[in-house]
Each structure stands twice: as C-alpha cells, then as structure tokens.
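Undergrad: Fold the stuff below for me.
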Amino acid sequence: MTSYQNKIDEIDFSQVRKVDFDLEDVVYFDTAASIFINSLIHKLTQKNITSNIITTNKDILDTLELVLKSKKTSQAIPEETRPNFLNIIGENTYLYYSGFVAFMAFIGQLFATKINTLKTIKNIRFKEIAFEINESAIKALGIISLTSFLIGLVVAYQSAYQLKIYGANIFIVDMLGISMLRELAPLMTAIVIAGRSGSAFTAQIGAMKITEELDAMRTMGFDPYIFLVLPRIIALMIAMPILIFVADIMSVFGGLLVAVIDLDISPQLFIDRFNDVVAAKHFFIGIGKGPFFAFIIASIGVYRGLEVKDDTQSIGFNTTKSVVESIFAVIICDAIFSILFTNLGI
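TA: Sure thing, here's the model as predicted:
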C-alpha cells in the first residue's frame, strides 16, 4: 500500500479535472483498500477534482460507503501536564477520605449483620468458627511462641547490661513483667497475626471474588457476611487472648533464662519477685486488648479482600495494604489504650 501511495504522490494532478477508479475486475476488496481509495478521493476533492467509481460489484460499493460513514477525524492528543503540589494533596486526601467512608460503611454493615445473626444461637456458624480458630490460632502457636520467647530474651539481655552497672539486677523482673504482660506481648502477637492471618483473610476472600464464588453465594441466597466474614472475625476475637496468654508465658520464660544465666538470679527468686511486684491488672490489660486487636486485624483483612478487583495483581496489592494498615491500626489502638489507662491511673 505504501508503494502505491508513493507512486500516486508522484502524479501531477494540476491538469486533471476528473479521475475514474476502475474496480470492475477487482476480485478481493477489503477495508484497507477502501480506506486508501476514500482518502485519495478526499484529497482529489480538495483540489477540485471530481472522482468516479466504476464497478458493478455491490459489495465493493457497500464497503466504500461503510468505511466512509465510520471514518472519524482524529483529534490532537493533549500534552500531558504534570500535576502541581496542591493537586496531588487534594487527590490523595480525597482517596483517603473515600477509602475511610467505604470502610465505615463496611463496619456498619458488619455490625448490622452481627446483631441480626447473634439474635438466635442457631444462626451462629460454630463449625466455621472452630475451623477458623484452628487456622488462625492453633496453627499460629508455634510462630507466636518462638517470636515472644526471642523478644523476651532480647529485651532482658539488653536490659541486663545496664542493670548490672548499678547493681539493680533484681529489677529486671519488674521491667520485664510489666512491659511484656501489658504492652509488648499483645503488640507483637497482633503484628504477627496481622502478617499471618490478616493477609490470609485478604487472599482467600480476594481469590473467591475473582473466581466469582461470592456472586454465586449471593445468587443462591447465602450472605457472604454470615458465611465468610463473621466466622473469621469471631474466631480471631476468641483466639487472640489465648495467643497473648501464650506470648506472655514464653516472653517471661525468655527473660527468666537471661536472669538465671546472666544475672545470677535463681528461678525461685525470679518467680517470688514476679508475684510481689507485677500486679494482675497488667496481665488482664494485655489480655483485654486481644479482642480489640483481633477485630481490627480481621475487619481490615476481610475488607481488603472484598476490595480486590478482577485481576491477580489486585490480590497482591490489597494483601500488602491489609498487612500495613492492620499493623498501623493496631499500633494506633495500643497508643490510645496506653494514654487512656495512664490517665485513669490503671
């Protein structure tokens, strides 16, 4: 086609008043040829040269007419302009606001479904809740125990060096007991669960959305909130205090090893001091944070799963956001608890 165009461009049409296109012997005529001829006729018309199509083949005439009607004039592509600083701030603010409103709508629907479901015991999915407890808690005991043990070991070891300088070895029990039971054990447990179970919730529900299983459930009359969302949230709220309890034991045990090996404190002295100086309220405060942390992690994980679009890349994107947002929300919640309990003198 390019060679024909070059040959036509070489023709001098200054002395021509009419051009005939003899297509009588043409056997095959496609839209590309039609576009070429229509473009040539348009150029000739601009030069005040009349054109005439010679053919008795109706298909050729229809193709020429179809292309002529469908032809659209091209528009100039506007140059891309870089957004200024205020535009970027405005767009990001609107995105965060829209995401927050959508999440609040999800929480509202979640609470409404939860209230309606818990009206009667028969609506509670005990089998699904037990399955999710096994997946979220029982299978996580190993990593929670190891992580808490190492955290207690590291904190106690780093503190032991400073305490030995001032001869205050025994105070490692006070520091370790209060910090672990009240703050570090619940926080570290929540962070590990956010990376393990929260991301799993997002990936599972996201995959179900891509494969249209959620749409199939709605078509069959099953509410995904009752069968998928609530069991995961309730299971994690039940399991989190248990995991925190295990984390408390393992972290204190890690500190006990350091106290015995590095500070020459006997296990009996450590336990006696622990009973004397560490009040039970610190333990209950740490355990009480568990359901709140679990609700935050499970809600964000499930919400991000429902936000997955129809592509696998969206699963990875929302899973990452689920973990980051869960950890950030847990830290914010823990800070609020710390400020609240301190001001209340608890």
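Undergrad: only C-alpha atoms for contact and neighbour calcs from this point on.
TA: Fine.
Undergrad: Any stretches of the stretch 101-250 of the chain with poor pLDDT?
TA: Residue ranges of the stretch 101-250 of the chain with pLDDT under 70: none are present.
Undergrad: quick one: the helices in it?
TA: 126-136, 141-165, 172-179, 185-193, 199-210, 213-219, 224, 230-262 (DSSP state H, counting those that start in this stretch).
Undergrad: tell me which residues of the helix or strand immediately after the longest one in the chain are tucked away?
TA: Meaning helix 230-262. Downstream of helix 230-262, the next assigned helix or strand under DSSP states H and E is helix 267-277. For helix 267-277, burial by neighbour count (16 or more other CA atoms under 10 Å) applies to 270, 273, 274.
Undergrad: before we move on, the earlier item: any chance of CSV for the helices of the stretch 101-250 of the chain, columns distance to residue 341 and mean neighbour count?
TA: Output for the helices of the stretch 101-250 of the chain, formatted as CSV (distance: least, CA to CA, whole Å; neighbours: other CA atoms under 10 Å):
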stretch, distance to residue 341, mean neighbour count
helix 126-136, 29, 17
helix 141-165, 23, 18
helix 172-179, 14, 21
helix 185-193, 15, 25
helix 199-210, 30, 24
helix 213-219, 42, 14
helix 224, 37, 15
helix 230-262, 19, 23
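Undergrad: Looking at these, which is nearest to residue 314?
TA: For residue 314, the closest of the helices of the stretch 101-250 of the chain is helix 199-210, at 8.4 Å, according to CA to CA.
Undergrad: and residue 315, how many residues sit next to it?
TA: Neighbourhood size, residue 315 [other CA atoms under 10 Å]: 25.
Undergrad: List the contacts of it.
TA: Residue 315 sits next to 202, 203, 206, 207, 305, 308, 309 when contact means CA atoms under 8 Å, 6 or more residues apart in numbering.
Undergrad: Among these, which one sits closest to residue 245?
TA: Using CA to CA, residue 202 is the member of the contacts of residue 315 that lies nearest residue 245, at 26.0 Å.
Undergrad: Correct me if wrong: residue 248 contacts residue 179.
TA: No. Assessed by CA atoms under 8 Å, residue 248 is found out of contact with residue 179, at 10.2 Å.
Undergrad: Point me to the helix or strand that includes residue 52.
TA: Residue 52 belongs to strand 50-54, assigned by DSSP H and E.
Undergrad: by contact count, what packs against whichever strand or helix holds residue 295?
TA: Taking DSSP H and E as the definition, one finds residue 295 inside helix 280-306. Here helix 280-306 touches helix 85-117, helix 185-193, helix 199-210, helix 230-262, helix 312-344, going by 3 or more CA pairs under 8 Å, 6 or more residues apart in numbering; DSSP states H and E.
Undergrad: how distant is that helix from the center of its chain?
TA: Mean C-alpha position of helix 280-306 versus that of the full chain (CA atoms, centre = their mean, to the nearest Å) differs by 18 Å.
Undergrad: List the buried residues for it?
TA: 282-283, 285-306.
Undergrad: hang on, the earlier thing: what's the helix or strand just after the strand holding residue 52 packed up against?
TA: Next along the chain after strand 50-54, taking DSSP H and E as the criterion, comes helix 58-70. Under the contact definition 3+ CA pairs under 8 Å, 6+ apart, helix 58-70 sits against helix 31-46.
Undergrad: Let me see the mean pLDDT of the helix it packs on.
TA: Per-residue pLDDT over helix 31-46 has a mean of 75.
Undergrad: Just the CA trace of it, in PDB.
TA: In PDB, the C-alpha atoms belonging to helix 31-46 read as follows (Å, rounded to 0.1, in the frame of the first residue of the first chain):
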ATOM      1  CA  THR A  31     -11.500  -2.200   4.300                       C
ATOM      2  CA  ALA A  32      -7.800  -1.200   4.000                       C
ATOM      3  CA  ALA A  33      -8.200  -0.700   0.200                       C
ATOM      4  CA  SER A  34     -11.500   1.200   0.900                       C
ATOM      5  CA  ILE A  35      -9.700   3.500   3.400                       C
ATOM      6  CA  PHE A  36      -7.000   4.100   0.800                       C
ATOM      7  CA  ILE A  37      -9.400   5.000  -2.000                       C
ATOM      8  CA  ASN A  38     -11.600   7.100   0.200                       C
ATOM      9  CA  SER A  39      -8.600   9.100   1.400                       C
ATOM     10  CA  LEU A  40      -7.400   9.600  -2.200                       C
ATOM     11  CA  ILE A  41     -10.900  10.800  -3.200                       C
ATOM     12  CA  HIS A  42     -10.900  13.200  -0.300                       C
ATOM     13  CA  LYS A  43      -7.500  14.700  -1.400                       C
ATOM     14  CA  LEU A  44      -8.700  15.000  -5.000                       C
ATOM     15  CA  THR A  45     -11.900  16.700  -3.900                       C
ATOM     16  CA  GLN A  46      -9.800  19.300  -2.000                       C
END
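Undergrad: All set now, cheers.
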